[in-house]
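S.K.: below are the sequence and a predicted model for it; my questions follow.
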Amino acid sequence: MSSLKPETRAKLKTVSTATLATALFKRGLRNQMIQGVQPVGGKAKPETMVGEAFTLRYMPAREDLNQLSVFRDRGHPQRKAVEECPPGAVMVMDSRKDPRAASAGGILVTRLMMRGVAGVVTDGGFRDSAEIAELEMPAYHTRPSAPTNLTLHQAIDINVPIGCGDAPVFPGDVIVGDADGVIVIPAHLADEIAEEAVEMTAYEDFVTERVQGGQSILGLYPPTDEGNLATFTEWRKAKGR
């Protein structure tokens, strides 16, 4: 995995997935938002999640290979992934967009939290969702799901390229989550995207303030009127932005 710079992580903590999506779109990347996931428990303002992707891939379960006894194996991919996901990373699970069986439950997600993992995402579901919602670590899924993962999913690969909610996720890509969902930033673009998003956010905050004051968006958003850019420069100085 590449190393996410502390200053880049800090910048990404201050911007929205909406702003990041626009910055990525400007570079021709249209499919970076993980579709269908939401904060566990439906939190309106979850803590912003930022970390490098550590992946787990599930395939359809074959019944004779997915008895409860497989969890006795310390090398079982799901258990191994939970114990190997690096602190500060985000564990991203490809559950084939199938929430009929859980991708994980409260105990495993708690273990990730205690190990210092920055968050967890699945395009399937979590069991013990009410318990997970109370944890001090961001978690995203499609909906609650009580059945054990073995019912339908076989954990098969760790830290390989996956698809999660129709988005491509490569190990080391930077994952950002907020109330709108989860977006994937290609690792090599993380620094420049973070810098641009901070600049975009400053202008968006300025625009919001002006619109709340009654100003039209014409010439302001986008800034086609040079006078608005001059006012923005003064605003930044006054706000220390």
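M.R.: That came through, no problem. Given the structure is predicted, the values throughout are model-derived calculations rather than measurements.
S.K.: which ones are touching the nearest residue to Gly51 once chain neighbours are set aside?
M.R.: Among residues not flanking Gly51 along the chain, Ala118 sits closest, at 3.3 Å (C-beta to C-beta, 6 or more residues apart in numbering). C-beta: built from backbone N, CA, C; applies to glycine. The neighbours of Ala118, taking C-beta atoms under 8 Å, 6 or more residues apart in numbering as the test, are 49-51, 87-90, 137-138.
S.K.: PyMOL command for the buried members of those?
M.R.: Selection of the buried residues among the contacts of Ala118 in PyMOL, burial being defined by 16 or more other C-beta atoms under 10 Å:
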select buried, resi 49+50+51+88+89+90+137+138
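S.K.: now, which of the contacts of Ala118 lie within strands?
M.R.: 49-51, 90 (DSSP state E).
S.K.: if we can go back for a sec, gap between the residue nearest to Gly51 and Lys80?
M.R.: In this view, Ala118 and Lys80 are 19 Å apart by C-beta to C-beta, to the nearest Å.
S.K.: let me see the contact set for the nearest residue to Val37 once chain neighbours are set aside.
M.R.: Closest residue to Val37 apart from its sequence neighbours, by C-beta to C-beta, 6+ apart: Tyr140 at 4.3 Å. By C-beta under 8 Å, 6+ apart, Tyr140 lies in contact with 34, 37-40, 49, 119-122, 177, 181-182.
S.K.: for the chain, just list every one of the helices.
M.R.: 6-12, 17-25, 77-84, 106-114, 129-133, 190-212, 226-239 (DSSP state H).
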